[in-house]
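S.K.: Generate a structure from the sequence data that follows.
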Amino acid sequence: MRSIPIKKLYNPQYDLLSISDKEELLYQIGEIYNLELISFKDFAAFRQSTYTAVYRSHDGIDFVFVPGDTVTLGFDFKNKPLQDIFNDENLAELAYPFVEGYEDEIFSEDDVQTKIRETLEDEEVLSNIETYFKHNFTQEDEFVIHPLLVWTPISDEELRQNKEWQQMIEKAESKGLSEIMIHNIICLYQTDDNHWYGKLYEETTFKKLLQNIKNHGYSLPTRREWEYLSGKGCRTIFPWGNNIDFSMNLKHMEWMDG
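M.R.: Down below sits the predicted model:
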């Protein structure tokens, strides 16, 4: 078996390879790690895409190859006024908890807006908001993320082969539904391209989860690896920008106990 040139596993070298060269490389990765290559797939989101492969291990777990890269991660709040980061609607939501007396009195909409503007002029309040973000966001820096084989959710093939799930999907589509919960442990959901996907929920503790992963010979992603995998290299708080659109309907999973 020919060895793989390490540089080809990292961007920008990987991204510059032709499709045929990428497929040859991806075949080699499967052979080295004793993984069955299920399919080649182009994953795209937020104007970025990666042509890669989906693999299956001997114990039935699906993985996808993610090339390494040198990336800037984290968020830099230094010397950036909050007004330059957030729009007025999001600033108002951030300031609202600091409006004094709002729990004890009933304000008119105009009074609320006036008090929010006054609150946003309070240096102590602005400092508290900035401290919160600095504490909860990683500091901006450049990092080398090494190539990863990432454990994926319920595979497309598993979803297609499960007759019970397919029947439930057909019923859901006939009723105009785009999400199904099965026994509170499986969530099947339809995306904008009308494709159905699945997520498996298993109640556990972090200690048990970590031990189970180690028993399989795997590991959890580091904080920086998770940022790289979930953020796709975006330079904003969310992939779409820094602000939340409060009219958005975000997908969620509801439980019987509320």
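S.K.: for His135, what are its contacts?
M.R.: By C-beta atoms under 8 Å, 6 or more residues apart in numbering, His135 lies in contact with nothing. For every residue, glycine as well, the C-beta is placed using N, CA and C.
S.K.: which residues in the stretch 1-150 of the chain form strands?
M.R.: Secondary structure of the stretch 1-150 of the chain (DSSP state E, counting those that start in this stretch): strands at 36-45, 48-56, 62-66, 69-73, 141-145, 148-151.
S.K.: ok, and for the second one, which residues are buried?
M.R.: Translated: strand 48-56. Going by neighbour count (16 or more other C-beta atoms under 10 Å), the buried part of strand 48-56 is Thr50, Tyr51, Thr52, Ala53, Val54, Tyr55, Arg56.
S.K.: Hmm, the first one is touching Gly68, no?
M.R.: No. Counting by C-beta atoms under 8 Å, Gly68 is not a contact partner of Thr50; they are 11.7 Å apart.
S.K.: Tell me which of the strands of the stretch 1-150 of the chain is the most buried.
M.R.: The highest mean neighbour count among those belongs to strand 62-66 (a mean of 21), with neighbours defined as mean count of other C-beta atoms under 10 Å.
S.K.: which residues are contacting that strand?
M.R.: With C-beta under 8 Å, 6+ apart as the test, strand 62-66 has contacts from 26, 29, 35, 38, 41, 43, 50, 52-57, 147-152, 155, 229.
S.K.: Swap in 7 Å and give it another go.
M.R.: For strand 62-66, contacts defined as C-beta atoms under 7 Å, 6 or more residues apart in numbering pick out 26, 29, 35, 52-57, 147-152, 155, 229.
S.K.: Check stretch 143-155 too.
M.R.: Contacting residues not belonging to stretch 143-155 are listed as 9-10, 33, 61-71, 73, 197-200, 218, 224-225, 228-229 [C-beta under 7 Å, 6+ apart].
S.K.: Could you pull up the residues touching the closest residue to Val54 other than its chain neighbours?
M.R.: Once flanking residues are discounted, Val54 sits nearest to Ile38: 4.7 Å by C-beta to C-beta, 6 or more residues apart in numbering. For Ile38, the contacting residues are Val54, Tyr55, Arg56, Glu157, by C-beta under 7 Å, 6+ apart.
S.K.: per-residue confidence for the second one?
M.R.: It refers to Tyr55. At Tyr55, the model reports a pLDDT of 92.
S.K.: The residue most central in space within the chain: which element?
M.R.: Nearest residue to the geometric centre of the chain (C-alpha atoms, centre = their mean): Ser230, 3.5 Å. Per DSSP states H and E, Ser230 falls inside helix 223-231.
S.K.: Mind listing residues that contact that helix?
M.R.: Val66, Val71, Leu73, Thr138, Phe143, Ile145, Leu148, Val150, Pro221, Pro239.
S.K.: And the fifth one, how close does it get to Leu73?
M.R.: The one in question is Phe143. 6 Å (C-beta to C-beta, to the nearest Å).
S.K.: now the fourth one
M.R.: Between Thr138 and Leu73 the distance is 7 Å, computed by C-beta to C-beta.
S.K.: How about Asp111?
M.R.: Taking C-beta to C-beta, one finds Asp111 at 42 Å from Leu73.
S.K.: Can you give me the pLDDT of Trp42?
M.R.: Wrong residue type there; residue 42 is Asp, not Trp. 90.
S.K.: How about Gln13?
M.R.: The model's pLDDT for Gln13 equals 95.
S.K.: Same question for Phe107.
M.R.: Note on Phe107: pLDDT of 62.
S.K.: Same check on His183?
M.R.: Predicted confidence (pLDDT) for His183: 68.
S.K.: Which stretches in the protein count as helices?
M.R.: 13-16, 19-32, 82-85, 88-95, 109-119, 123-136, 156-161, 163-174, 206-215, 223-231 (DSSP state H).
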